[in-house]
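> Next input, structure requested:
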Amino acid sequence: MKTKTENYTPGPWAAEYAGKDTIKVFKTSDKRRVATVKVTVSTRRLDEADSKLISAVPELLEALELLLDMVEGIDGFDPSTGQYGCSAMRFAQYAIEKATGKAVE
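Coordinates of the predicted model:
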């Protein structure tokens, strides 16, 4: 695989309340805002969970890329097609491509 390209703000990111109805997701090193989650009374728990998931994205993407690189020679990677033989690995590859803007929807 080894095609890591950062088309996003590198992590780590964190999330915290920025007022009673807003959660901001930001880069921890310089506090640059990455995303804003609007919180409503009826969806507060879901909004909090979403903001935690959003803040974990850079680390999740990096971990998935590292795992694919580790198993490249083990799991039937076909260099001629750029695809994995295992459906879980193909799904992981698709998720990375989607996150980096390379997936064909």
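> Check the burial of the nearest residue in space to Ser29 that is not next to it in sequence by counting its neighbours.
Of all residues not flanking Ser29 in the chain, Pro12 sits nearest, at 7.9 Å (CB to CB, 6 or more residues apart in numbering). Heads up, the C-betas are built off the backbone N, CA and C, glycines and all. One way to gauge burial is a neighbour count; for Pro12, by other CB atoms under 10 Å, it gives 12.
> Which residue ranges of this structure form strands?
Listed in chain order, the strands of the chain (DSSP state E) span 13-17, 22-27, 33-38.
> pLDDT score assigned to the spatially most central residue of the chain?
Among the residues of the chain, the smallest C-alpha distance to the mean C-alpha position (CA atoms, centre = their mean) belongs to Val57, namely 3.2 Å. Among the per-residue scores, Val57 holds a pLDDT of 89.
> hang on, it packs against Gly11?
Yes - here Val57 reaches Gly11: they are 7.5 Å apart, a contact under CB atoms under 8 Å.
> Flag the shaky bits of the chain, pLDDT-wise.
Judged against pLDDT under 70, the low-scoring parts of the chain cover residues 1-6, 73-77, 79, 82, 85, 103-105.
> Can you name the residues that contact the residue nearest to Ser29?
Going by CB atoms under 8 Å, 6 or more residues apart in numbering, Pro12 touches Lys27, Thr28, Ser29, Pro58, Glu59.
> I'd say the fourth one and Trp13 touch.
Translated: Pro58. Yes - in this structure, Pro58 is within contact of Trp13 by CB under 8 Å, at 5.9 Å.
> Counting neighbours, go ahead and name the busier of those two.
Neighbours per residue (other CB under 10 Å) separate Pro58 from Trp13, with Trp13 holding more: 22 against 19.
> Just list the residues touching the more buried one, thanks.
Contacts of Trp13 (CB under 8 Å, 6+ apart): Val25, Phe26, Lys27, Thr28, Val34, Ile54, Ser55, Ala56, Val57, Pro58.
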